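Sequence first, predicted model second:
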Amino acid sequence: MEYFEIYPSRSQLGLLICANLTLAIAVAAYVEPVEIKWPALVLILLLGISESLQEFRLGRLLLHCDPGNRRIALQRGEQPYFYCKYKVYATRWFAILKLIENDKCRTLILNPDRFDSASRYHRLRYLLQRTEQSRAA
């Protein structure tokens, strides 16, 4: 079983801020009644701040990858949560890890700046894909 520390991503935070700014500019440019424009801009600002703080307040995650038992555990704090069903969607720049357990789904976007080093990121991608291929066989 290998352990991987996953940290909050600065690039994902940058994308979140850019998306909120783009939405705010669109609302400011195209929404006409001032009674609707200003509350919408305030809501966009509050939503962006809330999402940013939530990601960084939660801190790091520990991801336990166990290819032998074909399961993944996520741990924040003391309690680990085990997932036997998961799907990996890999692209050239990042991977999306969808964890499924009964009625709960959790999605993680994994990119190199969420890890201590790029080699740890590539190691996790390799383990996830290898485990998923062995499950399919």
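All right, it came through fine. Please read all numbers here as calculations on a predicted model, not as lab measurements.

Report whether residue 75 is found in a strand, as I expect.
Yes. Using DSSP: H, G, I helix; E, B strand; the rest coil, the secondary structure at residue 75 is a strand.

Report the beta-bridge partner residues of the nearest residue to it once chain neighbours are set aside.
Leaving aside its sequence neighbours, residue 75 sits nearest to residue 62 (Cβ to Cβ, 6 or more residues apart in numbering; 4.2 Å). C-betas here are computed from N, CA, C, even on glycine. Under DSSP bridges, the beta-bridge partners of residue 62 are residue 5, residue 75.

can you give me the strands for the protein?
2-6, 61-66, 71-76, 79-83, 85-90, 95-101, 104-110 (DSSP state E).

domain parsing for the protein?
10-57, 65-136 (automatic domain parsing).

Mind pulling up the pLDDT for the residue nearest to residue 75?
pLDDT, residue 62: 91.

again, but for residue 96
92.

Give me the below-cutoff pLDDT ranges for this protein.
Along the chain, segments meeting pLDDT under 70 span 133-137.

State which helix of it is the longest.
The residue-count maximum for a helix in the chain (DSSP state H) belongs to helix 34-58.

helices or strands next to that helix in the packing?
helix 10-30 (3 or more Cβ pairs under 8 Å, 6 or more residues apart in numbering; DSSP states H and E).

Output the contacting helices and strands for the helix it packs on.
helix 34-58.

centre of the chain versus the helix it packs on, how much separation?
19 Å (Cα atoms, centre = their mean, to the nearest Å).

could you check the angle strand 71-76 makes with it?
110 degrees (axes from the mean of the first three to the mean of the last three Cα atoms, to 10 degrees).
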